[in-house]
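Undergrad: got a structure for you, letters missing:
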Ligand code: COS
């Protein structure tokens, strides 16, 4: 490990943010030269970037602009619509999020939401919708959001109550539109997004087979996104209220009533990238722990001289590697094994679930150990490991809680998929 050269003060406060995320794992056979180039360019570029993150909403918008202007958001959409690569490439997403999360959780958030919020448009949007939204997302000119969860429907997606009534059917030949009523909550980018991909019931009696995905522009009359939610690691988050919000039927993504599978397919892609963000946080916590323990003196030695410290650091790096390998495997499966027919969609879904579960749980443990190694400084507000301790927590909950991933994996085992 490279010896720390920064001052103890910097180590204590985490003030020296100009750190480069390691990229030596990109030599693994999961990756190609393109991935190595993306990872190394981003790892070199990020330490030079500074955004004032005092206000999460302003900072998030600034990150979207910066990442868009520097071509990084182009990895959120396919080449036909302004993207950098032909298809959404899971390995590129993983590398990007790992690096961004290492540098700034808000930068990672801004990037990830552009992908998650536009993912269903990439997968199932009409050519008109793809042309309207995707290039603007890639440039950072439009902010995207994914609106699935509701006050009483988080893990249980089938329980959503928001309805989209086909106005033509219910009113006997009115305008070709959906009228959306209901409420969504925990919506990332809520209040700052330019559009929302909203999942609503078009046939409530059909359960998961009666949900549709509709793109709703933020300025649509009847949509209110003003109720902000404060969380322990601040980022833009809001409750959305739809009151007879009328949207043209041409804003429908894919087939009517096929929205549940579209939501699951979108989550399948981005769950693996959540795992990567967790790995980025954990790698940063390890670097902070190494710097701190090498400089902190006690009993006439540096903290790093003690075997208990070395054991902790050893366990941390193994936990990170274990999560990372599952994450890279899942990304590789989606990019290579699925198209080649050597893995089934069900096997990939299980691999993505395993990656998200292990990477986020392991990262939580690694960051907790980094806090412990920092002693009192680990819980001091403003130290990097203190903020990482808050940043990691939500990743075990959103985009499918650990328990949902366990359920997916358990069902896969019983079905003989894995
Ligand atoms: N890709 C494609 N299709 C999928 C799929 C996937 N990943 N997962 C499920 N499906 C399909 C199933 O094949 C099934 O199809 P049929 O109706 O043709 O048989 C249908 O969707 C229903 O599947 P299932 O019965 O497994 O659905 P459940 O209601 O039991 O839901 C869980 C399963 C809990 C796994 C799902 O609701 C889920 O992932 N919940 C978490 C949601 C989430 O991440 N929320 C956070 C929101 S974003 S912050």
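TA: Noted; the coordinates are in hand. As the structure is a prediction and not an experimental result, all values here were calculated from the model.
Undergrad: going by C-alpha atoms from here, please, whenever you check contacts or count neighbours.
TA: Noted.
Undergrad: and the residue in the chain positioned nearest to the ligand, how far from residue 353?
TA: With Cα to the nearest ligand atom as the measure, residue 400 is the residue of the chain nearest to the ligand, at 3.3 Å. Distance, residue 400 to residue 353, using Cα to Cα, to the nearest Å: 9 Å.
Undergrad: what's the pLDDT at the residue nearest to the residue of the chain closest to the ligand when sequence neighbours are not counted?
TA: With Cα to Cα, 6 or more residues apart in numbering as the criterion, residue 400 has its nearest non-adjacent residue at 6.5 Å, and that residue is residue 155. pLDDT, residue 155: 90.
Undergrad: residue 155 sits in which helix or strand?
TA: Per DSSP states H and E, residue 155 falls between elements, in no helix or strand.
Undergrad: can you pull the contacts of the closest residue to residue 120 other than its chain neighbours?
TA: Distance criterion Cα to Cα, 6+ apart; nearest residue to residue 120, sequence neighbours excluded, is residue 266 at 5.9 Å. Counting by Cα atoms under 8 Å, 6 or more residues apart in numbering, residue 266 touches 116, 119-120, 123.
Undergrad: check the residues you listed and tell me the two furthest apart.
TA: Spatial extent of the contacts of residue 266 (Cα to Cα) is set by the pair 116 and 123 at 11.1 Å.
Undergrad: settle it for me: which of the two has more neighbours?
TA: The neighbour count for residue 116 versus residue 123, taken as other Cα atoms under 10 Å, is higher for residue 116 (24 against 17).
Undergrad: ok, the more buried one - contacts?
TA: Contacts of residue 116 by Cα under 8 Å, 6+ apart are 144-146, 266-267, 270.
Undergrad: same check, this time on residue 334
TA: When contacts are counted by Cα under 8 Å, 6+ apart, residue 334 touches 90, 348.
Undergrad: swap the cut-off to 10 Å and go again
TA: 88-91, 268-269, 272, 340, 343-345, 347-349, 351-352 (Cα atoms under 10 Å, 6 or more residues apart in numbering).
Undergrad: cool, residue 352 as well?
TA: Listed by Cα under 10 Å, 6+ apart, the contact partners of residue 352 are 267-275, 326-331, 333-334, 346, 405, 408-409.
Undergrad: secondary structure element holding residue 196?
TA: strand 195-201.
Undergrad: mind checking if stretch 339-354 is in reach of the ligand?
TA: Yes - Stretch 339-354 reaches the ligand (Cα under 6 Å from any ligand atom) through residue 349.
Undergrad: isn't there a strand covering residue 19?
TA: No - counting by DSSP: H, G, I helix; E, B strand; the rest coil, one finds residue 19 to be coil, located in no strand.
Undergrad: quick one, phi/psi of it?
TA: Phi and psi for residue 19, reported as degrees, to the nearest 10, are phi -100, psi 150.
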